[in-house]
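Asker: pasting the structure only:
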Ligand code: SF4
């Protein structure tokens, strides 16, 4: 039951309402909290159940004050961001302009998921320069999109942007202009739909992201599990009540901006907050030392991560008179890191020693590419480069990386008619063919690569650099510098 999750410790309420720490303007909020507590139980001690979250709404007066204060603060303090320049250009310009705004909001919101604003600005500008409208984007290839996205991670989002644009263009090219119709587009969920509909089309719908959850749970001192689906639904409902019908886009951006700049997760600047008068978490914290505003939203223990292990072989093919080439394999079109390129790798059953790892990789290379090191290529070197741990939201992947350098002894590996003479040949199977490429260093930077590949490649470069430095000089250099891994692989 949600009600049992929703508790306020209010022993301070007995005769302590007018604390010197509590400015008079906070009394109404504290008083409301006390009233709610009294309604549910008569025990004025320790932790007491209070009203269910759905009973916690905003009064008409509160809504009015919150809207006015937040919008005024936003007008005076909003950050000048490139997508805002496009999206705040008023309603002039008709449908075309509105759709351009919608597209800009869409691209920026997708980029901003899991990525900091400062990082997104450059990506956004480059993206809009290359594909200024949804029609331009719809003509792009997934390789171009991945290349543009490289470094932002979560490539699935980029693919959805492309597929969503193609879907809209194929169905007539008219941008859906309500939150519900936007959610029919591939990759657009309720958050992005709310952002586009309110910011670009002025629909009075809410937007709830992590920032909004934080602000709303603090405003109302909600301690229910914020990940619980019922709580999420209730927070959307509270946010819906707050949205200003005259300036929905600005209001939504104001709440998110407040969460991003003032009401931060660990060090909120409550003294600068435009809605501190309405904030119950602040009221409670000022009256009871054991309560902090950062207690809201309630921290939920993270789900246990799965521990995976993989052997990664960076297969480098050297050939007289030309640059080294690397073997890349395309991941399946569905699932984790769908459609991205990576170095050949094998998922291990657990921690495995060097011999087992090499056996697993050799088996994979032979089965997938007909690569038999003893027969079709000359082994130049095979060296362990290091271990890299990549953290996905639910998986901790430990990658053992090796550099396998081979010299070509046969004809072009891209010519499948030269079976048996190749270093690598594509294995034709009845059910599936592994997609692979054989690329030089330059091409590595233009493909949609998994971040694991980027890290592995950085490690390989450092390894090669170290190998070319005489041991004594390397020792001296290592002594001087930190013993930590280079920043790009931390
Ligand atoms: S008063 Fe503090 S905790 Fe409350 S909303 Fe403002 S910044 Fe957040």
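Answerer: Ah, there it is. This structure is a prediction, so every number in the text was calculated from the model and none was measured.

Asker: avg pLDDT for stretch 228-247?
Answerer: Here stretch 228-247 scores 94 as its mean pLDDT.

Asker: what about it, near the ligand?
Answerer: No: applying Cβ under 6 Å from any ligand atom, one finds stretch 228-247 out of contact with the ligand, separated by at least 12.3 Å. Where you see a C-beta, it was placed from the backbone N, CA and C, and this is true even at glycine.

Asker: List of residues touching that stretch?
Answerer: 2, 5, 53-54, 56-58, 63, 66-67, 71, 190, 198, 204-208, 212-213, 216-217, 220, 222, 224-226, 250-252, 255 (Cβ atoms under 8 Å, 6 or more residues apart in numbering).

Asker: ok, of these, which come out buried?
Answerer: Those of those that meet the buried threshold are 5, 53, 56, 58, 63, 66-67, 71, 190, 198, 204-208, 212-213, 216-217, 220, 222, 224-226, 250-252, 255, by 16 or more other Cβ atoms under 10 Å.

Asker: My guess is residue 281 contacts residue 221. True?
Answerer: Yes: taking contacts as Cβ atoms under 8 Å, residue 281 lies within contact range of residue 221: 4.8 Å.

Asker: what is in contact with those two at once?
Answerer: Counting by Cβ under 8 Å, 6+ apart, the residues touching both residue 281 and residue 221 are residue 296.

Asker: and those two? which has more neighbours close in?
Answerer: The residue with more neighbours, out of residue 281 and residue 221 and counting by other Cβ atoms under 10 Å, is residue 281; that gives 29 against 26.

Asker: List the contacts of the more buried one.
Answerer: If you count contacts by Cβ under 8 Å, 6+ apart, then residue 281 has 217, 218, 219, 221, 291, 293, 295, 296 around it.

Asker: ok, now which ones touch the last one?
Answerer: Same thing as residue 296. Taking Cβ under 8 Å, 6+ apart as the contact definition, residue 296 lies against 214, 217, 218, 221, 222, 223, 281.

Asker: what about it, distance to the ligand?
Answerer: Distance check for residue 296 against the ligand: by Cβ to the nearest ligand atom, to the nearest Å, it reads 7 Å.

Asker: that's a strand at residue 405, yeah?
Answerer: Yes: according to DSSP: H, G, I helix; E, B strand; the rest coil, residue 405 belongs to a strand.

Asker: Now the residue nearest to it when sequence neighbours are not counted: phi and psi?
Answerer: In space, not counting the residues next to it along the chain, residue 405 is nearest to residue 380; the distance is 4.1 Å by Cβ to Cβ, 6 or more residues apart in numbering. As for residue 380, its main-chain torsions (degrees, to the nearest 10) stand at phi -90, psi -50.

Asker: How many neighbouring residues does residue 348 have?
Answerer: Quick note: residue 348 (other Cβ under 10 Å) scores 18 neighbours.

Asker: Would you double-check that residue 206 falls in a helix?
Answerer: No: according to three-state DSSP, residue 206 belongs to no helix; its state is coil.

Asker: you'd agree it is up against residue 256?
Answerer: No: here residue 206 lies out of contact with residue 256, judged by Cβ under 8 Å, at a distance of 10.9 Å.

Asker: anything in contact with each of those two?
Answerer: Looking at what touches both residue 206 and residue 256 (by Cβ under 8 Å, 6+ apart), the common residues are residue 212.

Asker: Next SSE downstream of the host helix or strand of residue 314?
Answerer: Under the criterion of DSSP states H and E, residue 314 resides in strand 306-319. Following strand 306-319 in sequence order, the next helix or strand is strand 322-330 (DSSP H and E).

Asker: If we go by neighbour counts, what in that next one is buried?
Answerer: Along strand 322-330, these residues count as buried under the neighbour rule (16+ other Cβ under 10 Å): 325, 326, 327, 328, 329, 330.

Asker: element containing the closest residue to the ligand within the stretch 351-490 of the chain?
Answerer: The shortest separation between the stretch 351-490 of the chain and the ligand is 25.9 Å, found at residue 393 (distances taken as Cβ to the nearest ligand atom). Secondary-structure assignment from DSSP H and E places residue 393 in no helical or strand segment.

Asker: now the helices: where do they sit in the stretch 301-450 of the chain?
Answerer: Under the criterion DSSP state H, counting those that start in this stretch, the stretch 301-450 of the chain contains helices at 354-369, 441-444.

Asker: would you turn those into TSV with mean pLDDT?
Answerer: As requested, the helices of the stretch 301-450 of the chain are exported to TSV (pLDDT from 0 to 100):
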stretch	mean pLDDT
helix 354-369	88
helix 441-444	76
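
Asker: Between those, which one is closest to residue 435.
Answerer: Of all the helices of the stretch 301-450 of the chain, helix 354-369 sits nearest to residue 435, with 10.4 Å by Cβ to Cβ.

Asker: next SSE after the host helix or strand of residue 260?
Answerer: Assigning secondary structure by DSSP H and E places residue 260 in helix 248-261. Reading on from helix 248-261 to the C-terminus, the next helix or strand found by DSSP H and E is helix 280-287.

Asker: and that next one, anywhere near the ligand?
Answerer: Yes: with Cβ under 6 Å from any ligand atom as the measure, helix 280-287 is seen reaching the ligand through 281, 282.

Asker: pLDDT of that helix, averaged?
Answerer: Within the predicted structure, the mean pLDDT of helix 280-287 is 95.

Asker: buried sites along that helix?
Answerer: Using 16+ other Cβ under 10 Å as the test for burial, helix 280-287 gives 280, 281, 282, 283, 284, 285, 286, 287.

Asker: could you give the angle of the strand holding residue 314 to helix 354-369?
Answerer: Comparing the axes of strand 306-319 and helix 354-369 via axes from the mean of the first three to the mean of the last three Cα atoms, to 10 degrees yields an angle of 70 degrees.
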